[in-house]
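Q: 3D model of this:
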Amino acid sequence: MATRPAAVAGSWYPASAGALGREVDNYVGRVTGIPAGAIDAIIAPHAGIMFSGPIAAYSYKAAAANDYDVAVLVGPSHFVHFDGIALYPDGEFATPFGPAAIDDEAAVTLARAPIVKSLTAPHAREHSLEMQLPFLKRLLPNVRIVPMLMGEQTRRTIEALAEALATAALERTLLIASTDLSHYFDAATAATLDGAVIEHVENFDAEGLLRLFESYPAGERGRHVGCGIGPALSVMLAARRRGARHARVLKYGHSGEVSGDYGGVVGYLAAAMGSFHAH
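A: Model (predicted):
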């Protein structure tokens, strides 16, 4: 059984279970106002835990009120460029809380989609999925995972993955999209750019968000809209087809609120999709 070693434990988050547990519990303990009802999918950020953990806690506390067998994690590939979706097909991901086991059956099911390739190399250094695991293992410790990275974030790949997620026979499954929002603008500019994303998410308007994403040149989309908007779009589209009726933005923040540097910030969003009551 292959074990994917943690790549950023000890730098992006504490490497010991005790210290990490205290930090995650602290962030989750501050969360208020989560929706009551079934959560089918969440969006969460993936920066160093001291920066984005207070935001990610909202998504995971909302999800943890439900029971799941499997979590399908979809994030962007920051280091390896490829077309399609790279699935880590079996084994486990190491975490300070113990291994996060891959759900073989769900992985095999999703690997049948032509857009999905069993490909472990892009996962080796990638933090976008790893940063979800401290919260997932702490709050939903028995849930198995299916780790998927999106390469080039094209409309074709986004829609093909959404189709695969929507049509796969996956019961009691949580879809998780990993994305940060705008990168390295001043806080006021970031609030404007991120506000456009937030509006589309709140309205459960994946089509509008995709048009916004495509309105920027390909090389600028990650900086202006978000590095994992492709994964977020696939999860939004799939969640709606799987029966989610509403989307809600749970929390927004940016790195300057922690660092004190408002001159160049990264935006963070927590959101949930499901059958809970709208506002």
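
Q: mind listing what the residue most central in space within the chain touches?
A: For the chain, the residue sitting closest to the mean C-alpha position, by Cα atoms, centre = their mean, is Ser178 at 2.0 Å. By Cβ atoms under 8 Å, 6 or more residues apart in numbering, Ser178 lies in contact with 43-46, 73-76, 128-129, 131-132, 228, 231. Where C-beta positions appear, they are placed from N, C-alpha and C, glycine not excepted.

Q: from Pro99, how far out is Asp211?
A: For residue 211 the amino acid is Arg, not Asp. Using Cβ to Cβ, to the nearest Å, Arg211 is found at 40 Å from Pro99.

Q: go on, Ser178?
A: Ser178 sits 19 Å away from Pro99, going by Cβ to Cβ.

Q: now swap in Asn142 and tell me
A: Where Pro99 is concerned, Asn142 sits at a distance of 12 Å (Cβ to Cβ).

Q: next one: Pro89
A: Pro89 sits 16 Å away from Pro99, going by Cβ to Cβ.

Q: any idea which helix or strand carries the closest residue to the residue nearest to the centre of the chain other than its chain neighbours?
A: Residue nearest to Ser178 in three dimensions, not counting chain neighbours: Gly75, with 3.6 Å by Cβ to Cβ, 6 or more residues apart in numbering. Element membership for Gly75, per DSSP states H and E: strand 70-76.

Q: what comes into contact with that strand?
A: Residues from elsewhere that reach strand 70-76 (Cβ under 8 Å, 6+ apart): 46, 85, 103, 106, 110, 126, 128-129, 132, 136, 140, 143-150, 153, 161, 165, 170, 172-179, 222, 227-228, 230-231, 234-235.

Q: one step back: looking at Arg211 and Pro99, which is more packed in?
A: Neighbour count, other Cβ atoms under 10 Å: between Arg211 and Pro99, Pro99 has more, with 16 against 12.

Q: before we move on, back to that, quick check: beta-bridge partners of the residue nearest to the centre of the chain?
A: In this structure, Ser178 bridges to Ala44 when assessed by DSSP bridges.

Q: same check, this time on Leu149
A: Leu149 has these beta-bridge partners by DSSP bridges: Gly75, Ala86.

Q: all helices for the stretch 1-150 of the chain, in order.
A: With helices called from DSSP state H, counting those that start in this stretch, the stretch 1-150 of the chain shows them at 17-29, 49-63, 104-111, 133-139.

Q: got a markdown table for these, with mean neighbour count too?
A: What follows is these, written out as a markdown table (neighbours: other Cβ atoms under 10 Å):
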| stretch | mean neighbour count |
| --- | --- |
| helix 17-29 | 15 |
| helix 49-63 | 24 |
| helix 104-111 | 18 |
| helix 133-139 | 23 |
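
Q: which one of those lies closest to Leu250?
A: Proximity of the helices of the stretch 1-150 of the chain to Leu250 was assessed by Cβ to Cβ; the nearest stretch is helix 49-63, lying at 4.0 Å.

Q: could you give the angle of the closest one to strand 70-76?
A: Helix 49-63 runs at 140 degrees relative to strand 70-76, counting by axes from the mean of the first three to the mean of the last three Cα atoms, to 10 degrees.

Q: packing partners of helix 49-63?
A: helix 17-29, strand 39-44, helix 133-139, strand 246-254, helix 256-259, strand 265-274 (3 or more Cβ pairs under 8 Å, 6 or more residues apart in numbering; DSSP states H and E).

Q: relative to strand 246-254, how tilted is whatever helix or strand Leu210 lives in?
A: Secondary structure assignment for Leu210, by DSSP H and E: helix 206-214. Orientation of helix 206-214 against strand 246-254 (the same axes, to 10 degrees) gives an angle of 30 degrees.

Q: which element follows helix 206-214 toward the C-terminus?
A: helix 221-224.

Q: rewinding a little: so for Gly195, which of the helices and strands packed on helix 49-63 sits nearest?
A: Gly195 lies closest, by Cβ to Cβ, to one member of the helices and strands packed on helix 49-63: strand 246-254, at 8.5 Å.

Q: strand partners (parallel or antiparallel) of that closest one?
A: Neighbouring strands of strand 246-254 in its sheet, by DSSP bridges, are strand 265-274 (antiparallel).

Q: the partner strand vs strand 39-44, what angle?
A: Using the same axes, to 10 degrees: strand 265-274 against strand 39-44 is 180 degrees.
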